[in-house]
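1. From the sequence below, what's the structure:
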Amino acid sequence: MTELDQAAYAHQVVADVLATAEAERTTTPEAFTRGVLEELERAGLVSNFYTAYHKTHGLEVHGYGIPDNVGGLDLFITEFRQGSLQDKITKAQVDARFRRLTTFLRRCQGGLQQHIDQSSDVYDMCDAVGKALTDASQIRLFLLTNCLSTSPAPTPSDYDGIPVVHEVWDLARLHRQATSGVLSEPIVVDFDPPLPCLSAPSTEADYSVALCVLDGDTLADLYAVHGARLLELNVRSFLQARGGVNKGIRETLLHSPSRFLAYNNGVTATASKVEFVTGTDGRHVGVSRIHGFQIVNGGQTTASLHHAKKNDRADLSDVRVQMKLSEVSPDRLMEIVPLISQYSNTQNRVTLVDFSSNDRFHVEVQRVTRSLLALSADGSGQDTHWFYERARGQYADELAKLSPSGQKKFRKLWPASQKFTKSDLAKFAHSWDQLPHLVSRGAQKNFNEFMIRLENRQLRVDSTYCQRILAKAMLFKAADNVARRHGAGSHKSAVTAYTVARLSMAVAKRIDLDDIWRRQELSPALLAALDDLCPRVMAAVTSPLRGSHVGEWAKQPACWDAVSKVRWSVPSDLDSELLAESLRDATLDDPDDESSPVIDELDEVPVTEWSEIEHWAKATGGLEPSQRQLVHLVGRRLQAGESVSPTQAAQALRVRVEARRGGFIAEHARLGE
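-> Numbering: from 1, shown residues only. As a prediction, the model looks like this:
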């Protein structure tokens, strides 16, 4: 993301929050809280977060989180100000906000949930926080604000013997995060005494390598503090840690810790800068500080050390881990890191995603989706585009390049409501593919699973695929609005994903996504079906069969099993709109669309006939607006020599038959040709 000055960023934050709050019909603090937490989740700083607002005398809370690392508890409080931009928030005000969170903790221990309606998301929050406190090893309190803090965050403290860390994410820190160009703030690691190393001579000025041996406790503690942030530069390493403790590694740690160095291949790490200690001969003999520390291979080793120490109480004092540390110039990180990860470790068969294949897919989705024209559904003539934000901050980047009048035009052509990210794409796709339990595990985890599935499928990214993804986006957004109207509250995201999945299952994926794209809206029958189905799904999602926490229940396949058994029949008016066969995504192994018989039939129709049908329909009112739009789209594409999907071709040919039945006669037919 290019550098936005802080004042412009402050304006952008408020504008985005207001737009989100209006679109989702929620409060501005709720919209701000969720937006910041989604950003922090993408950065690997929080996970498994839930928003729920509760305020009474002396306490206030906007949400909580249960981090992936065992024994963690996060609480969030928000201070969002819509008025004067770049307001200051004083030390006294910051301290007061954290005291409210601490009071909430104390009240949870004292049975606060007994005074809360059991059907509310606040009750779930109180229950989850109370349970988490029983074995919490660390508590993090977050203040999220679009103000400027005048003082540092309070120093660490404790709550009944549990270490407490205070995090202040103010405007300045959020701005640094948004304009940093990386996923999160760089990790800096100090070694005192310095870590002995063997530094290899390098012939490249922006690249060097050193070999080190870390003790197991140090690596385990680094993971305890930073979690998945240690692994974020490489998706492969990040996903290696998702399985938890490797059985072989665990056995070695528990029974032969002194042999770990011999049995394990170690870790491969990168840094943007390494501070060395130099010997009398001028050579590097130790590492005193590492800037931008990242583990790009060995994620499972790192996570296993942490889990063995935490869960098994393993003694790691005799454990040593080999580390190859590469110092790479920041401007070459994204070029070199994927290759380091790809070649550095072949001890296990790795079937996870690598950067190059991922990037090609997302680059193509960006290219195709941004070229698609979404015809106006309201008759205003204001056609628009959808904006796929492949890299974080691209939308804001485009706005930053423009004058105020240019920004206004840009927002009309690329409305913020039609911006979607990589994690959004994964959410839309997995809901349609009946994997709502994956969606409910959070944006980052769901995206990782999407990429794993994608590697095995090799989808063909063309206009048809992208139009259908956008139709799924419209379906998901419509279901989200329905869930909100039915009072889903903080469980709305899960209820939405499960509602779309249950609908997809009921209709066997026979919803005409191409028609949704063409209309840029859902049919009345489909909207009514969502409205009827949603409360039934919500009842199953919010009534856990295992445990008592809705958020955790929604992540389990058992929840999807329960929802899939919800009794619901497809209404007759929707059934009449369904396609004869299920829609599926084309892969690179499929034959080209041009080989379809319906394409051959389309090619026999003179290109000029489509514009004639459009003009006839406008003059006589003989076709529905959506049918006129389809004819216009097909005619324009054929005129430009662009491809038309078999589904669009079949629909266009049916419209042609209907037009001829309504009295349309083509020019070449009148002339007897």
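2. what's the distance between stretch 648-667 and the middle of its chain?
-> 42 Å (CA atoms, centre = their mean, to the nearest Å).
3. again, but for stretch 637-644
-> That offset, for stretch 637-644, works out to 34 Å (CA atoms, centre = their mean).
4. Export it to PDB, keeping only CA atoms.
-> Output in PDB follows, covering the C-alpha atoms of stretch 637-644 (Å, rounded to 0.1, in the frame of the first residue of the first chain):
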ATOM      1  CA  ARG A 637     -19.300  -9.500 -26.700                       C
ATOM      2  CA  LEU A 638     -19.800 -11.100 -30.100                       C
ATOM      3  CA  GLN A 639     -19.300  -7.800 -31.800                       C
ATOM      4  CA  ALA A 640     -16.000  -7.400 -30.000                       C
ATOM      5  CA  GLY A 641     -14.900 -10.900 -30.700                       C
ATOM      6  CA  GLU A 642     -15.100 -12.000 -27.100                       C
ATOM      7  CA  SER A 643     -16.200 -15.400 -25.800                       C
ATOM      8  CA  VAL A 644     -19.700 -16.200 -24.500                       C
END
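5. Double-check that residue 75 belongs to a strand.
-> Yes: according to DSSP: H, G, I helix; E, B strand; the rest coil, residue 75 belongs to a strand.
6. what's around it, how many residues?
-> By other CB atoms under 10 Å, the residues close to residue 75 number 25. Any C-beta I mention is one placed from the backbone N, CA and C, and that applies to glycine too.
7. Who are the contact partners of it?
-> Applying CB atoms under 8 Å, 6 or more residues apart in numbering to residue 75 gives the contacts 61, 63, 64, 65, 101, 104, 105, 129, 139, 140, 141, 142.
8. Please flag which of those sit within helices.
-> Filtering the contacts of residue 75 for membership in helices, criterion DSSP state H, returns 101, 104, 105, 129.
9. if we can go back for a sec, apply the buried test to the contacts of residue 75 and list what passes.
-> 61, 63, 64, 65, 101, 104, 105, 129, 139, 140, 141, 142 (16 or more other CB atoms under 10 Å).
10. quick check, nearest of those to residue 619?
-> Distance to residue 619 across these (CB to CB) is lowest for residue 63, with 56.7 Å.
11. can you pull the pLDDT of the closest one?
-> As predicted, residue 63 sits at a pLDDT of 94.
12. okay, residue 461: pLDDT?
-> 86.
13. Which helix or strand contains the residue lying closest to it once chain neighbours are set aside?
-> In this structure, residue 461 finds its nearest non-sequential neighbour in residue 364, 4.0 Å apart by CB to CB, 6 or more residues apart in numbering. For residue 364, the host element (DSSP states H and E) is helix 355-371.
14. From the contact counts, what lies against that helix?
-> Judged by 3 or more CB pairs under 8 Å, 6 or more residues apart in numbering; DSSP states H and E, helix 355-371 is in contact with helix 333-344, strand 387-389, helix 443-457, helix 463-485.
15. same thing but at 10 Å, please
-> When contacts are defined as 3 or more CB pairs under 10 Å, 6 or more residues apart in numbering; DSSP states H and E, helix 355-371 sits against helix 235-240, helix 333-344, strand 387-389, helix 422-432, helix 443-457, helix 463-485.
16. residue contacts, the residue nearest in space to the middle of the chain?
-> What sits nearest the mean C-alpha location of the chain, by CA atoms, centre = their mean, is residue 423, with 2.7 Å. Contacts for residue 423 (CB atoms under 10 Å, 6 or more residues apart in numbering) come out as 38, 41-42, 389, 439, 442-448, 450.
17. And stretch 285-301, what's buried?
-> Result for stretch 285-301 [16+ other CB under 10 Å]: buried residues 285-287, 289-290, 292-301.
18. Check stretch 598-615 too.
-> 598, 599, 602, 605, 609, 610, 612, 613, 614.
19. Among these, name the ones in helices.
-> Members of the buried residues of stretch 598-615 lying in helices (criterion: DSSP H): 598, 599, 602, 609, 610, 612, 613, 614.
20. Confirm for me that the third one is in contact with residue 655.
-> No: assessed by CB atoms under 10 Å, residue 602 is found out of contact with residue 655, at 11.7 Å.
21. joint contacts of the two?
-> Common neighbours of residue 602 and residue 655 are listed as 610, 634 (criterion: CB under 10 Å, 6+ apart).
22. Given the lengthiest strand in the chain, what are its sheet partners and their directions?
-> Taking DSSP state E as the criterion, the chain has its longest strand at strand 188-200. Strand 188-200 has its sheet partners listed here by DSSP bridges as strand 207-215 (antiparallel), strand 284-291 (antiparallel).
23. can the buried residues of stretch 598-615 go into CSV with extra columns for pLDDT and distance to residue 575?
-> Below are the buried residues of stretch 598-615 laid out as CSV (pLDDT from 0 to 100; distance: CB to CB, whole Å):
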residue, pLDDT, distance to residue 575
598, 72, 24
599, 79, 28
602, 85, 28
605, 89, 31
609, 92, 33
610, 91, 30
612, 91, 34
613, 92, 29
614, 87, 30
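24. can I get those residues in CSV with distance to residue 461?
-> Shown next, in CSV, are the buried residues of stretch 598-615 (distance: CB to CB, whole Å):
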residue, distance to residue 461
598, 22
599, 19
602, 23
605, 28
609, 31
610, 26
612, 33
613, 31
614, 29
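25. quick one: which of these is nearest to residue 212?
-> The closest of the buried residues of stretch 598-615 to residue 212 turns out to be residue 599 (CB to CB; 60.6 Å).
26. thought the closest one was touching residue 605?
-> No: counting by CB under 10 Å, residue 599 sits too far from residue 605 to count as a contact (11.2 Å).
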